[in-house]
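Chemist: predicted coordinates and the sequence they were generated for:
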Amino acid sequence: MNAICICIPVLVLTGALPANAASADCDARFPANNIKVAVARMQCFNAVVLETEAPEFGNNGDLLAKFLAERMVIAEQVQTGKITVIQGKAIAAEKWSEVISELQRRDNAADAVQGQRAAAQAQADALQAAQRQQACAEATQAYNQAASQPVPSGSSGNVTAVSPWGAAAGVLQQTAARSRMNEACGY
């Protein structure tokens, strides 16, 4: 938008583009002091603007097209004597101000949408982190529980005996629980 703000106001106030071959050709063919050629002059300059400035407008080309059409109406009113050149310049400046306001409104709206997207992404990221943390806590609890429980194989009196096979099963349970914990916690 910065390039637009530099070049287009010159168009509004002088009816000419910054010096280049195309605008010089328009000046030569349609002199500024001859209001009888105001429409042809504006058509010439509008063609130059479309060629040189349209890319700067990107997705806002509709605003440029509207502004150039309004300049044609102003040129026609100047040429037919309905308004003076000074009045035409004032109207064009007002129309350009409207374009700038709409560009700013669109930029602000786009920024707001981008902010909303960033906030939604941050919220989704926080939810995922909380879910990972919860899964880690549950897996850690399951591991701690598996690690604290020997596998009994039978009892004789007050003593609970642990068989080698029961111990191996307990180790496998602990190993599986540790694996789930490591995966859930990202270890």
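Modeler: Everything's here; your move.

Chemist: do you have the strands of this structure handy? List them.
Modeler: Applying DSSP state E to the chain gives strands spanning 154-156, 159-161.

Chemist: could you measure from residue 82 over to residue 41?
Modeler: 17 Å (Cβ to Cβ, to the nearest Å). Every residue, glycine included, has its C-beta placed from N, CA and C.

Chemist: quick one: which of the two has more around it?
Modeler: Set residue 82 next to residue 41 and count neighbours by other Cβ atoms under 10 Å: residue 41 wins out with 23 against 11.

Chemist: that one and residue 53, how far apart?
Modeler: To residue 53, residue 41 is 17 Å away according to Cβ to Cβ.

Chemist: where do the domain boundaries of the chain fall?
Modeler: 2-116, 124-185 (automatic domain parsing).

Chemist: tabulate those (a markdown table), appending mean pLDDT.
Modeler: A markdown table is the format used below for those (pLDDT from 0 to 100):
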| stretch | mean pLDDT |
| --- | --- |
| domain 2-116 | 84 |
| domain 124-185 | 74 |
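
Chemist: out of the ones you listed, which is the most enclosed?
Modeler: domain 2-116 (a mean of 15; mean count of other Cβ atoms under 10 Å).

Chemist: residue 92 touches residue 72, doesn't it?
Modeler: No: here residue 92 does not reach residue 72: they are 10.7 Å apart, not a contact under Cβ atoms under 8 Å.

Chemist: quick one, helices of the protein?
Modeler: Under the criterion DSSP state H, the chain carries helices at the ranges 2-14, 21-29, 38-57, 61-79, 85-147, 164-185.

Chemist: can you give the contact residues for the shortest one?
Modeler: I take that to be helix 21-29. Helix 21-29 has contacts (Cβ atoms under 8 Å, 6 or more residues apart in numbering) with 16-17, 40-41, 44-45, 47-48, 51-52.

Chemist: the residue positioned nearest the centre of the chain and residue 25, how far apart?
Modeler: By Cα atoms, centre = their mean, the chain has its centre lying nearest to residue 114, at 5.1 Å. Note on residue 114: its distance to residue 25, by Cβ to Cβ, is 42 Å.

Chemist: just residue 177 next, same as before
Modeler: Using Cβ to Cβ, residue 177 is found at 82 Å from residue 25.

Chemist: sounds good, over and out.
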